[in-house]
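**Q** need coordinates for the following:
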Amino acid sequence: MTALLRRYGLLVLIAALLIAALASGVADHLSLAELEQRRQDLAALIARRPAASLAIFFAIYLAAACCALPGVIYLTIGGGLLFGPWWGGGAALSAATLGSIVVFLACRTAFGDLIRRR
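**A** A predicted model of the protein is given here:
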């Protein structure tokens, strides 16, 4: 059981996160209309706690990138709009890169032996 969990655990976690995001309707909120509607509230929150807001944005973007949620482009636009092009763009780029690495490692761990044998 431990070997299966070690091998497929991260992949199952990513799949569960994707299913939860789609089933809960969170993915439906990734749109320009939603960003426009909540822009002032988000800007006020960021003004109160900029470092914590950037960390939360990074974590949300990382989860969305790992799951390949539709509408991640709106997170990129929102990050630049709310945090500025350097901080927002840098956080989006870093989270997207880290998300890609996580998915790569999950697939390599789960399916690496199968591919190596071919």
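
**Q** okay, CA-based contacts and neighbour counts for the rest of this
**A** Noted.

**Q** give the buried residues for the longest helix belonging to the chain.
**A** Determined from DSSP state H, the single longest helix within the chain is helix 85-117. Residues 85, 88-93, 95-96, 98-100, 102-103, 106, 108-110 are the ones in helix 85-117 that count as buried (16 or more other CA atoms under 10 Å).

**Q** next one: stretch 32-44
**A** Neighbour counts over stretch 32-44 (16+ other CA under 10 Å) mark residue 35 as buried.

**Q** and it, how far out from the chain's middle?
**A** Taking CA atoms, centre = their mean, to the nearest Å, one finds stretch 32-44 lying 19 Å from the centre of the chain it belongs to.

**Q** elements contacting the helix or strand where residue 41 lies?
**A** Using DSSP states H and E, residue 41 maps to helix 32-48. Packing partners of helix 32-48 (3 or more CA pairs under 8 Å, 6 or more residues apart in numbering; DSSP states H and E): helix 50-67, helix 72-83.

**Q** just put these in CSV and tack on mean neighbour count and mean pLDDT.
**A** What follows is these, written out as CSV (neighbours: other CA atoms under 10 Å; pLDDT from 0 to 100):
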stretch, mean neighbour count, mean pLDDT
helix 50-67, 19, 95
helix 72-83, 19, 94
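
**Q** to residue 11, which of these lies closest?
**A** helix 50-67 (9.9 Å; CA to CA).
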